[in-house]
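> model the structure of this input:
(one chain, ligands or ions: 1)
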Amino acid sequence: MKYDFSKVIDRSNTGCTKWDEVNTRYGFDGLLPMWVADMDFVAPHEVVDAIVKRANHGIFGYVTEPDSYYKAIVGWIEKRHSWTIDRDWIFFSPGVVPALSFCVLSYTQPGDKIIIQPPVYYPFNRVISANGRFVVTNPLILRNGRYSMDFADLEEKASDPQVKMLLLCSPHNPVGRVWEQEELVKLGEICLKHNVLVVADEIHSDIILPGHKHTPFPAICQEFAENSVYCNAPSKTFNLAGLKTSYLIISNKKLADAYSNITHSLSVTKNNVFGAIALEAAYEFGKDWLNQLLIYLKDNIEYLKDFVTDNIPQIEVIEPEGTYLVWLDFRHLGLEDNELNELLLKKAKVALSDGATFGSGGKGFKRMNIACPRLVLAQGLTRIATAIQGL
Ligand SMILES: Cc1ncc(COP(=O)(O)O)c(C=O)c1O
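Residues are numbered from 1 along each chain as shown. Purely as a prediction, here's the structure:
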């Protein structure tokens, strides 16, 4: 392996949310952070080199992205996702969550309803309610250890004329599904039929595990492209979340203009100098790094599954198809929420993301971030096993 993902790097005192905020956030000392979705790995050296080179220039004025920035996005989407896009369809956002919020503002009115599919990444709920719109849930169904969409329920919810939008999480955080094209087609047809705009958050779409294939929602057909907005970033893929650089792809001119109007009114049209540089370097030179990362993550998941089978059979692992987040079912322990939290935080001293925060269907589950050196993963799992064995 050219890249060493097994090296443990001390991230403490770097102002990093994952390690520096964990104890105050969870209210206990000595916690091992396996929560927020960033990785304990160094970004590709080409990205680091590009940032250092630009930093050495010493002047950090306003940014206008060069042609090469757009070329890098067009090339990445083409090569990685077999989708040919036009550079004029690309729009900036300082993060995918802000992008979702801008979409809510651009395409709906206060009082409108927006569908989400819980358990789902918790800011989906927030960007709707905090902007004065109403959340409508189309809960996922868990059957035989795998989640699927409830299309009958979706049809019913989408037929409400006040429903204007659906936030699609593809691949899905936290349940790890990589939606199959057939599932996306069903969802897309229901949304088309009822004039519901699809805003597709595809931030995890580069982290796809063997045996699965990601399909960009707008790439399925022209009608879906016209009825959707696509959000992505290099941040999950290359561990660049702190650079706050993401982009949208909007081929429908009317939707693109509405998005531009909102971002102009909020004055959030300008990228930051290091974000733009990093995106370009990552998309131009990061392919090998990513391919090796995917192998390491897959091995981490295999390690976790074997460990759980051998040592903590009370926990059920929902097999991830994508993302580096593993959805764990603790319900067989029969503990109340406060008892489970006490077990994990006070006894095991491991900080996982709490399932209940992802909305309905999340209670009794925890999300574990496995994007860390195997040694750290083993440490976290051993702590949990020891605490559970002591029950
Ligand atoms: C589905 C999803 N969307 C968006 C984000 C965050 O995006 P950003 O940091 O670009 O706002 C995350 C982070 O975990 C995520 O899982």
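> so who does the closest residue to the ligand within the stretch 51-200 of the chain touch?
Of all residues in the stretch 51-200 of the chain, residue 95 sits closest to the ligand, at 3.0 Å by CB to the nearest ligand atom. C-betas here are computed from N, CA, C, even on glycine. When contacts are counted by CB atoms under 8 Å, 6 or more residues apart in numbering, residue 95 touches 233, 235, 244-246.
> try 10 Å
Taking CB atoms under 10 Å, 6 or more residues apart in numbering, we find residue 95 in contact with 101, 123, 203, 231, 233, 235, 241, 243-246, 268, 275.
> try residue 368
Residue 368 sits next to 34-35, 174, 304, 315, 317, 324-328, 350-353, 377, 380-381, 384 when contact means CB under 10 Å, 6+ apart.
> among those residues, which are located in helices?
Counted as lying in helices by DSSP state H, out of the contacts of residue 368, are 304, 377, 380-381, 384.
> just these that are near the ligand?
Among these, not one lies near the ligand by CB under 6 Å from any ligand atom.
> which of those residues sits closest to residue 62?
residue 377 (41.8 Å; CB to CB).
> which ones are touching that closest one?
Contact analysis of residue 377 by CB under 10 Å, 6+ apart lists 32, 34, 40, 299-301, 303-304, 307, 326, 368-371.
> spatially, which two of these are the most separated?
32 and 299 (19.7 Å).
> who has more neighbours out of those two?
Neighbour count, other CB atoms under 10 Å: between residue 32 and residue 299, residue 32 has more, with 19 against 14.
> quick check: that one touching residue 380?
Yes - here residue 32 reaches residue 380: they are 5.1 Å apart, a contact under CB atoms under 10 Å.
> which residues are common contacts for these two?
Common neighbours of residue 32 and residue 380 (criterion: CB under 10 Å, 6+ apart): 348-352, 372.
> just give me the closest of those residues to residue 292.
Of all those, residue 292 sits closest to residue 372, with 15.5 Å by CB to CB.
> what separation do you get for the closest one and the ligand?
According to CB to the nearest ligand atom, to the nearest Å, residue 372 stands 15 Å off from the ligand.
> tally up the residues packed near the residue lying closest to that residue once chain neighbours are set aside, please.
Nearest non-adjacent residue to residue 372, counting by CB to CB, 6 or more residues apart in numbering: residue 40, 4.2 Å away. Using other CB under 10 Å, residue 40 has 22 neighbouring residues.
> next up, the contacts around residue 40.
Per CB under 10 Å, 6+ apart, neighbours of residue 40: 5, 7-11, 16, 18-19, 33-34, 239, 369, 371-373, 376-377.
> about what we covered before: could I get the contacts of residue 377 as CSV with secondary structure?
Shown next, in CSV, are the contacts of residue 377 (DSSP: H, G, I helix; E, B strand; the rest coil):
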residue, secondary structure
32, strand
34, coil
40, coil
299, helix
300, helix
301, helix
303, helix
304, helix
307, helix
326, strand
368, strand
369, strand
370, coil
371, coil
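> with pLDDT added, can I get these in CSV?
Shown next, in CSV, are the contacts of residue 377 (pLDDT from 0 to 100):
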residue, pLDDT
32, 98
34, 98
40, 98
299, 98
300, 98
301, 98
303, 98
304, 98
307, 98
326, 98
368, 98
369, 98
370, 98
371, 98
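> most neighbours among those residues, which one?
Counting neighbours by other CB under 10 Å, residue 34 leads these with 28 neighbours.
> pretty sure it sits against residue 22.
Yes - in this structure residue 34 lies within contact range of residue 22 using CB under 10 Å: 9.4 Å.
> which neighbours do those two share?
residue 351.
> closest one to residue 58 out of the ones in helices among the contacts of residue 368, please.
residue 377 (40.0 Å).
> which among the shared contacts of residue 32 and residue 380 gets closest to the ligand?
Nearest to the ligand among those is residue 352, at 14.2 Å by CB to the nearest ligand atom.
> give me the nearest residue to that closest one, chain neighbours excluded.
residue 366 (3.9 Å).
> got any ranges where this protein has weak pLDDT?
The chain contains residues with pLDDT under 70 at 1.
> get me the contact residues on it for the ligand.
37, 95-97, 121, 169, 173, 201, 203, 233, 235, 241, 246.
> follow-up on the earlier one: ChimeraX command for the buried members of the contacts of residue 40?
To isolate the buried members of these in ChimeraX, using 16 or more other CB atoms under 10 Å:
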select :5,16,18,19,33,34,239,369,371,372,373,376,377
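> keep only those of the contacts of residue 40 that are in strands.
33, 369 (DSSP state E).
> tell me where the stretch 251-391 of the chain has strands.
316-318, 325-329, 350-351, 353-354, 365-369 (DSSP state E, counting those that start in this stretch).
> the top strand by length along the chain pairs with which strands?
As assigned by DSSP E, the longest strand anywhere in the chain is strand 163-169. Here strand 163-169 has these sheet partners by DSSP bridges: strand 113-116 (parallel), strand 197-201 (parallel).
> in TSV: the ones you listed, plus mean neighbour count.
Below are those laid out as TSV (neighbours: other CB atoms under 10 Å):
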stretch	mean neighbour count
strand 113-116	24
strand 197-201	25
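> which of those strands sits closest to residue 360?
For these, the distance to residue 360 is smallest for strand 113-116, at 10.1 Å, taking CB to CB.
> next helix or strand past that closest one?
Later in the chain than strand 113-116, the nearest helix or strand by DSSP states H and E is helix 123-129.
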